Every structure is written in C-alpha cells, then in structure tokens.
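Student: can't give you the sequence, but here's the structure:
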C-alpha cells in the first residue's frame with residue numbers, strides 16, 4: 001500500500017491507543033468523585049466502637065451509601081456507553097480509508113463512474129453500525145445478566161465491601177481518618193497505576209493496615225470496573241468492524257470490485273505473552289461470521305485483508321467500459337445490521353464467574369474472621 005494510505009491507517013490505529021488512555025483517565029475521575037462523597041459521609045457519620053453499629057448515624061451512613069451507589073451506577077453506565085460508541089467508530093474509519101484508496105485506483109484507470117460509486121458508498125451514513133453494535137452489546141446476556149445488571153452487581157459488590165470494612169473497623173476501634181483511607185484503598189489503587197498486571201491479573205496494592213488486595217482474593221471494585229470498560233470497548237470495536245466489513249462487501253460485490261479477502265486477527269504491540277490470540281493469528285484470514293471470540297482485557301484488533309493494488313487493477317481491466325450497476329445500499333446495510341455475531345461472550349462469562357467465586361471466598365473469610 002502507498003505511504004499516504006499506510007500513514008492514514010496508522011493514525012487511525014493510534015487513535016485507539018489515545019482513546020483507551022483518555023477513557024482510563026475518565027474512569028479514574030469517576031472514582032475520585034465517588035470516593036470524595038463516601039469520604040465525606042464517613043467523616044460525618046462514622047465513629048469507632050460497637051455502639052455505632054446500632055446508632056442512627058450508622059443508618060444515615062447506610063442510606064447515603066445506597067444513594068451514592070445509585071449515582072455511581074448511573075454515571076458509570078453513561079461512561080461505558082460513551083466508551084463503546086467511540087470504540088465502535090475507530091474500525092469504521094480504517095474501512096473508509098480503504099474505500100477512498102480503491103476509489104482513487106478506479107479514477108486512475110479512467111473508471112470515473114465506478115470511482116463516483118465508491119465515493120457514494122463512502123459517503124453513506126455508517127452511523128447506524130455503531131448504533132446497532134451498542135444495542136447488541138447492551139442487550140446480550142451473560143449468565144442471565146445484561147450489561148446494566150452487571151454494572152449494578154459490580155456497584156452493589158463495592159458498597160457491600162465498604163459496609164464490611166466499616167463494621168470491622170468499628171469493632172476494632174479504628175478512627176475516622178484511618179477508616180476513610182482504608183475504604184479508599186480497598187476500592188482502588190492509591191496511585192494511577194494499572195488496574196491489572198501484564199498477565200491480566202488484578203494489580204496488587206497495599207492497604208493502610210499492611211494487607212494486600214489484588215492478586216489474591218477479591219479483585220477490587222476499580223479493577224472490575226476498569227476491566228469491564230476495556231473489554232466492552234474491544235467488543236464494540238470488533239463487532240462494528242465485522243458489521244462494517246459485511247456492509248462494504250455487500251456494497252462492492254454487485255459492482256464486481258470486492259477488494260476484501262477476509263478479516264485478519266492482529267496482535268497488539270503490547271501483547272504480553274503467548275495465549276489463545278496467537279492461535280487466532282495463525283488461522284488468518286477469517287470470513288466475517290467465523291471471527292473468533294476475544295478474551296477479557298484483550299488488546300488485539302481486527303483488520304481487513306485487502307487485495308493488492310495490482311490485483312485490483314486487473315479486476316478493473318476485466319470490466320468492460322465504465323458502467324457501474326446500481327447498489328442497494330439500504331439492503332446491504334440491512335444485512336450488516338442483521339448479523340448476530342457479537343464476539344467475546346463465552347470467555348467473558350467464564351472470567352466474571354471466576355471473579356464472583358473469588359469475591360464469595362473473600363466474603364466468607366471476612367465473616368469467619
């Protein structure tokens with residue numbers, strides 16, 4: 001491919017990296033706001049001693065925690081939706097760049113009508129593809145729970161953990177300042193380090209009492225929230241890419257210039273170690289309906305396998321004259337929107353089941369302590 005096309009493609013891929021960094025900062029800010037509210041309520045209503053467990057101040061703190069849980073869930077839900085929408089648009093940009101490139105080859109060959117049709121295809125509104133992707137991701141269920149249910153479960157688990165920390169702190173006679181710090185450290189890391197390690201494990205972090213959370217026991221609310229955002233963004237990008245590939249193929253085949261040979265699984269430059277994704281790469285290319293599922297925290301992306309410029313020029317030479325058949329864009333887009341392919345369900349369900357087991361073990365140990 002020429003340098004101009006390659007540069008545009010690289011720029012679009014870099015936009016994915018920038019998006020991930022921006023969303024990570026956004027999630028940190030959401031937790032900052034929530035922790036600020038919780039710290040304020042603890043300072044106002046918490047006090048050490050067993051008597052606090054039966055006091056009205058504990059009931060007031062309980063009510064405020066429930067209010068904050070509902071507020072956090074709403075904000076976090078909007079954040080995930082925004083993240084998925086932005087992620088879904090990235091692969092559509094790379095596909096549009098390819099259409100522009102092959103349209104230019106048509107014009108160089110004197111096939112002006114074909115070039116105009118490709119330009120018309122590129123100007124079609126692909127906005128409905130991200131809409132369809134987001135709708136599919138919100139509506140799919142894993143172990144009977146849709147995405148909204150899983151967000152609420154994550155929030156409730158975090159608030160439940162805070163309750164347990166407060167109760168144990170009161171019984172142990174811990175002061176307000178210590179307790180506020182303990183709650184903050186329990187929910188998220190004390191610095192803006194990664195929420196997970198290079199091996200996909202929760203990042204280990206120390207609490208004020210010298211104990212650790214992360215690599216053993218409960219993953220922690222921040223890790224769970226960060227993983228959910230990152231995984232859903234990748235699923236959105238994969239799903240939109242597949243739909244965009246189908247739409248482009250349906251639009252180009254009637255013209256006799258289908259330049260798409262399949263879909264390649266591409267390893268991320270940050271791929272930490274060999275895993276199932278290496279096997280996926282070895283099996284390239286895929287047809288849209290056969291693209292494998294991604295695992296949680298997957299950094300890999302999809303890329304269309306394109307015919308060479310020489311082969312495309314041969315396809316142009318084989319076309320008599322410069323007559324472009326009409327393309328039913330609405331029908332082509334309908335096929336793309338009708339696809340039921342939503343990657344990543346089984347692997348994500350297994351990982352979340354593992355997290356739930358870890359949480360239950362941690363809570364059982366807390367009750368027995």
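Tutor: All right, it came through fine. All values derive from a computational prediction rather than experimental measurement.
Student: Phi and psi next, for residue 302.
Tutor: Backbone dihedrals for residue 302, given as degrees, to the nearest 10, come out at phi -100, psi 150.
Student: Let me see the contact set for it.
Tutor: Each residue near residue 302 by C-beta atoms under 8 Å, 6 or more residues apart in numbering is listed here: 91, 237-238, 241-242, 263-266, 291. (Glycine included, C-beta is placed from N, CA and C.)
Student: Could you dump these into TSV and include neighbour count and secondary structure?
Tutor: Below are the contacts of residue 302 laid out as TSV (neighbours: other C-beta atoms under 10 Å; DSSP: H, G, I helix; E, B strand; the rest coil):
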residue	neighbour count	secondary structure
91	29	helix
237	25	helix
238	28	helix
241	26	helix
242	25	helix
263	22	strand
264	18	strand
265	22	strand
266	17	strand
291	22	coil
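Student: Which one of these is nearest to residue 10?
Tutor: Nearest to residue 10, judged by C-beta to C-beta, of the contacts of residue 302 is residue 266 at 12.5 Å.
Student: Count the neighbours of residue 20 for me.
Tutor: Here the neighbour count serves as a burial measure; for residue 20 (other C-beta atoms under 10 Å) it reads 17.
Student: That one: which element?
Tutor: Secondary structure from DSSP states H and E places residue 20 in helix 3-45.
Student: In JSON lines: the contacts of residue 302, plus distance to residue 141.
Tutor: JSON lines is the format used below for those (distance: C-beta to C-beta, whole Å):
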{"residue": "91", "distance to residue 141": "25"}
{"residue": "237", "distance to residue 141": "21"}
{"residue": "238", "distance to residue 141": "18"}
{"residue": "241", "distance to residue 141": "23"}
{"residue": "242", "distance to residue 141": "20"}
{"residue": "263", "distance to residue 141": "26"}
{"residue": "264", "distance to residue 141": "30"}
{"residue": "265", "distance to residue 141": "26"}
{"residue": "266", "distance to residue 141": "29"}
{"residue": "291", "distance to residue 141": "21"}
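Student: On the three-state scheme, residue 304 is what?
Tutor: Secondary structure assignment for residue 304 (DSSP: H, G, I helix; E, B strand; the rest coil): strand.
Student: Show me what counts as buried in whatever helix or strand residue 278 lives in.
Tutor: In the assignment (DSSP H and E), residue 278 maps to helix 276-282. Residues of helix 276-282 classed as buried under the neighbour-count rule (16 or more other C-beta atoms under 10 Å) are 277, 280.
Student: Residues in contact with it: which ones?
Tutor: Against helix 276-282 from outside (C-beta under 8 Å, 6+ apart): 264-267, 271, 292, 294-295, 298, 300.
Student: quick check, distance from that helix to the centre of its chain.
Tutor: Centroid separation for helix 276-282 versus its chain: 20 Å, with C-alpha atoms, centre = their mean, to the nearest Å.
Student: Tell me which two of the contacts of helix 276-282 sit farthest apart.
Tutor: Largest separation among the contacts of helix 276-282 by C-beta to C-beta: 264 and 295, giving 17.7 Å.
Student: Name the nearest residue to residue 48, ignoring sequence neighbours.
Tutor: Nearest-residue entry for residue 48: residue 173, 4.6 Å, with adjacent residues in sequence omitted and distances by C-beta to C-beta, 6 or more residues apart in numbering.
Student: The helix holding residue 20 - contacts with which helices or strands?
Tutor: helix 56-108, helix 176-187, helix 221-252 (3 or more C-beta pairs under 8 Å, 6 or more residues apart in numbering; DSSP states H and E).
Student: Show the average pLDDT along the second one.
Tutor: So the one you mean is helix 176-187. Helix 176-187 comes out with an average pLDDT of 79.
Student: And for the longest one?
Tutor: Per-residue pLDDT values over helix 56-108 give a mean of 90.
Student: If you count contacts, what does it end up packed against?
Tutor: Helices and strands touching helix 56-108, by 3+ C-beta pairs under 8 Å, 6+ apart, are helix 3-45, helix 112-123, helix 128-139, helix 147-171, helix 221-252, strand 301-306, helix 309-317.
Student: wait, which of these is closest to residue 285?
Tutor: Taking C-beta to C-beta as the measure, the helices and strands packed on helix 56-108 were each checked against residue 285, and strand 301-306 came out nearest at 4.5 Å.
Student: and the angle from that closest one to helix 56-108?
Tutor: If you take axes from the mean of the first three to the mean of the last three C-alpha atoms, to 10 degrees, strand 301-306 sits at 10 degrees to helix 56-108.
Student: ok, back up a step: worst mean pLDDT among the helices and strands packed on helix 56-108?
Tutor: helix 112-123 (a mean of 72).
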